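Q: My questions are about this predicted structure, shown below with the sequence.
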Amino acid sequence: MELVRVFLCVLSVFAALSERFVVLAAFSQSLDSDFTFTLPAGRMECFYQTMKKDASLEIEYQVLDGAGLDVDFHISSPTGQVLFSDYRKSDGVHTVETVDGDYRFCFDNTFSAVSEKIIFFELILDNMDTDEDPEDWKEYIHGTDMLDIKLEDIMDTINSVKARLGKSVQIQTLLRAFEARDRNIQESNYDRVNFWSIVNLIIMALVSAVQVYLVRSLFDDNRKTRT
């Protein structure tokens, strides 16, 4: 009988958790997104992100392809103040504690007249769900006291696992960006080596032909004989 009672209690707990799982899932306060675009030569592209007060904005960018693998970057507050600026860099990471308003971040390739750049960047937004009361979930708790299970611990565990999974996804995304940039560098080096190899081959063929002509000219007797 004791085993049956424990089994029924466990079933009731799982039933309660399954009904309220959506409530737990609503506690995600971290958002992330990434984007890859082509920045033409002599152009500047700007993006905007609306933020809330006491939130956090983290941006990481990389130049994947293009001559020099560099770009100018700056991020501005809603009042127009430049918070961070980078000049002729291939990558960078910046974190901003935000206020209400639209933040602008720009990638500038105006210093390059002929080379376009392929740029990858990722945005990570933290503490964006400030309008929700984190204590609202407690009103959904029913029938868990008998097993001495604290739903707070379950919520913390779920959020911790989700945060770590999200961090793993971010790292994998960055690794893919590094791989793409390295592949572009290798392909560029491959094309450059092939080009100069062909140039050297043509020069060697011309030099060999000139040498053969000069050597043969030494043995040619062009003097006219009188009969």
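A: Here it is on my side, so go on. Numbering: from 1, shown residues only.
Q: Could I get the average pLDDT for the helix or strand containing residue 213?
A: Assigned by DSSP states H and E, residue 213 falls within helix 151-219. For helix 151-219, mean pLDDT rounds to 80.
Q: Stretch 103-114 too?
A: Averaged over stretch 103-114, pLDDT sits at 91.
Q: what about that stretch, start to end distance?
A: End-to-end distance for stretch 103-114: 30 Å, by CA to CA, to the nearest Å.
Q: how about that stretch: buried residues?
A: Under the neighbour-count criterion of 16 or more other CB atoms under 10 Å, stretch 103-114 has 103, 104, 105, 106, 107, 108, 109, 112 buried. Heads up, the C-betas are built off the backbone N, CA and C, glycines and all.
Q: would you list those in CSV and tack on distance to residue 67 and secondary structure?
A: Formatted as CSV, these follow (distance: CB to CB, whole Å; DSSP: H, G, I helix; E, B strand; the rest coil):
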residue, distance to residue 67, secondary structure
103, 29, strand
104, 26, strand
105, 23, strand
106, 20, strand
107, 15, strand
108, 15, strand
109, 10, coil
112, 7, coil
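Q: which of the residues you listed lies closest to residue 208?
A: Using CB to CB, residue 112 is the member of those that lies nearest residue 208, at 40.2 Å.
Q: Please tell me how far that closest one sits from residue 207.
A: Distance from residue 112 to residue 207, counting by CB to CB, to the nearest Å: 37 Å.
Q: now residue 220
A: Residue 220 is 20 Å from residue 207, by CB to CB.
Q: Once you drop chain neighbours, what's closest to residue 87?
A: Sequence neighbours aside, residue 72 is the residue nearest to residue 87 in space, at 5.4 Å (criterion: CB to CB, 6 or more residues apart in numbering).
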